[in-house]
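Asks: starting from these lines, generate the structure:
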Amino acid sequence: MNLTYLKRYWQLYALISLPIIYFLIFRYGPMYGVQIAFKDFNLFQGINGSEWIGFDAFREVFAMPDFYTTLRNTFMLNFLDLIVSFPAPIILAIMLYEVRFKWFKKISQTILYIPHFISWVIIGGIVYQLFGNQSGMVNNLLQSMGFDSIPFLTEKNSWLVTYLFTGVWQSAGWGTILYLAALTGVNKELFEAAEIDGATRLKRIWHITIPSIKPTIVTLLILNLGNMVSIGFDRPYVIGNTAVREYSDVLSTFVYRIGLQSGQYTLATVVGLFQAVVGLVFVLGSNYLSKKTTGEGIL
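Replies: Reported below is the predicted structural model:
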């Protein structure tokens with residue numbers, strides 16, 4: 001019976017085999033290298049030829065002051081990103097969903113999606129051209145109007161605001177796709193019935209639109225909480241500089257320095273393993289709390 005089913009739907013199994021193969025090769029395969037964290041890794045001897053050192057590398061990493069500074073910055077930037085960036089696609093999706101002119105909606109979606117496809121290196125160049133202290137377009141405009149220039153990229157608090165809102169600009173449009181997809185499944189009769197009952201647009205949004213995408217919001221929130229200790233390398237490295245290193249130095253740049261620049265691959269692997277384990281704990285913990293409080297979860 002199972003073999004007959006397999007023969008009948010072999011195309012579907014062939015399609016699902018592709019992501020399975022991808023995860024096996026590029027996600028599970030590299031886990032073999034995790035043992036580097038427990039060895040005095042020598043590039044010439046390889047993983048198997050390197051000497052076991054147990055948890056010595058963990059003790060060395062946890063004794064580094066820079067590790068705790070970068071860990072603090074990673075948590076801080078991710079937490080602020082969660083507050084600022086996470087609601088942005090939800091608000092945008094609701095606004096786009098409420099637009100009645102299809103041509104305007106399509107144009108708006110295209111404009112909002114474009115930043116997602118721009119490399120962070122290019123975005124970094126745009127940021128420096130706009131917000132640079134000496135040659136930035138915004139500061140030149142402010143000075144021409146008689147105002148003092150703002151140190152967007154050289155003062156840590158101003159840099160933090162620039163960092164956060166650059167992230168919103170780059171990611172918010174792309175993040176609306178999932179929420180708009182969830183909204184397409186909402187029964188239109190609910191809105192019509194609410195309108196007949198005298199509900200205003202804001203009330204329809206609050207009582208129908210938002211509850212309709214609640215499972216999607218909860219799922220993405222859990223995934224974002226799981227990434228609280230992980231952070232991309234491109235954004236803080238490209239936008240950051242030595243003047244704001246107190247905020248811009250994060251775990252990914254720390255791994256880059258000790259791993260690629262200093263050649264301490266064992267210590268870099270320790271930090272990567274630490275991020276993975278803490279991320280797993282955050283995902284499981286947030287999923288448990290979500291099920292207890294809202295009844296929604298992903299596991």
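
Asks: elements contacting the one helix or strand in the chain whose mean pLDDT sits lowest?
Replies: Within the chain, no helix or strand scores below helix 2-8, which has a mean of 78 by mean pLDDT, DSSP states H and E. On a contact count with 3 or more CB pairs under 8 Å, 6 or more residues apart in numbering; DSSP states H and E, helix 2-8 meets no helix or strand. C-beta here means a position set from N, CA and C on the backbone, and glycine is covered the same way.

Asks: helix or strand right after it?
Replies: Counting by DSSP states H and E, the element after helix 2-8 in chain order, helix or strand, is helix 10-23.

Asks: who's in contact with that next one?
Replies: For helix 10-23, the surrounding residues in contact (CB atoms under 8 Å, 6 or more residues apart in numbering) are residue 6.

Asks: roughly how far out does that helix sit from the chain middle?
Replies: With CA atoms, centre = their mean, to the nearest Å as the basis, helix 10-23 stands 26 Å off its chain's centre.

Asks: next one: stretch 36-44
Replies: With CA atoms, centre = their mean, you get 30 Å for stretch 36-44.

Asks: how far off centre is stretch 239-247?
Replies: Distance, centroid of stretch 239-247 to centroid of chain: 20 Å (CA atoms, centre = their mean).

Asks: end to end on it, go ahead and measure it.
Replies: 11 Å (CA to CA, to the nearest Å).

Asks: for that stretch, which positions count as buried?
Replies: 239-240, 244, 247 (16 or more other CB atoms under 10 Å).

Asks: what mean pLDDT does it have?
Replies: The pLDDT scores in stretch 239-247 average 90.

Asks: now stretch 136-155
Replies: Here the average pLDDT along stretch 136-155 is 89.

Asks: who touches it?
Replies: Contacts for stretch 136-155 (CB under 8 Å, 6+ apart): 127-133, 158-159, 161-162, 239, 241, 243-244.

Asks: make a ChimeraX selection of the buried ones in these.
Replies: Entered in ChimeraX, the line below selects the buried ones among the contacts of stretch 136-155, by 16+ other CB under 10 Å:
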select :127,128,130,131,132,159,162,239,244
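
Asks: and for residue 181, the neighbour number?
Replies: 12 (other CB atoms under 10 Å).

Asks: with the one 10 residues further on instead?
Replies: Summarising burial for residue 191: neighbours were counted as other CB under 10 Å, giving 16.

Asks: can you check residue 202 too?
Replies: Neighbours of residue 202 using other CB under 10 Å come to 8.

Asks: which SS class is it?
Replies: Assigned by DSSP: H, G, I helix; E, B strand; the rest coil, the conformation of residue 202 is helix.

Asks: can you list the weak-confidence ranges in the stretch 151-299 of the chain?
Replies: 294-299 (pLDDT under 70).

Asks: what are the boundaries of the helices in it?
Replies: 156-183, 188-196, 201-204, 210-212, 214-226, 234-239, 245-248, 251-255, 265-293 (DSSP state H, counting those that start in this stretch).

Asks: which strands or helices does the last one pack on?
Replies: The reference is to helix 265-293. Against helix 265-293 (3+ CB pairs under 8 Å, 6+ apart) you get strand 39-42, helix 56-62, helix 214-226, helix 251-255.

Asks: and those, which is most packed in?
Replies: The highest mean neighbour count among the helices and strands packed on helix 265-293, using mean count of other CB atoms under 10 Å, belongs to helix 251-255: a mean of 21.

Asks: run through who's touching that one.
Replies: 66-67, 70-71, 74, 229-233, 236-237, 240, 268, 271-272, 275.

Asks: nearest to residue 26, of the helices of the stretch 151-299 of the chain?
Replies: Ranking the helices of the stretch 151-299 of the chain by proximity to residue 26 (CB to CB) places helix 265-293 first, at 14.8 Å.

Asks: could I get the pLDDT score of the closest residue to residue 234 other than its chain neighbours?
Replies: For residue 234, ignoring the flanking residues on the chain, the nearest one in space by CB to CB, 6 or more residues apart in numbering is residue 120 at 3.7 Å. For residue 120, the model assigns a pLDDT of 92.

Asks: which one of the helices and strands packed on helix 265-293 lies nearest to residue 82?
Replies: helix 214-226 (5.8 Å).

Asks: now that closest one, how far from the centre of its chain.
Replies: So, by CA atoms, centre = their mean, the centroid of helix 214-226 is 12 Å from its chain's centroid.
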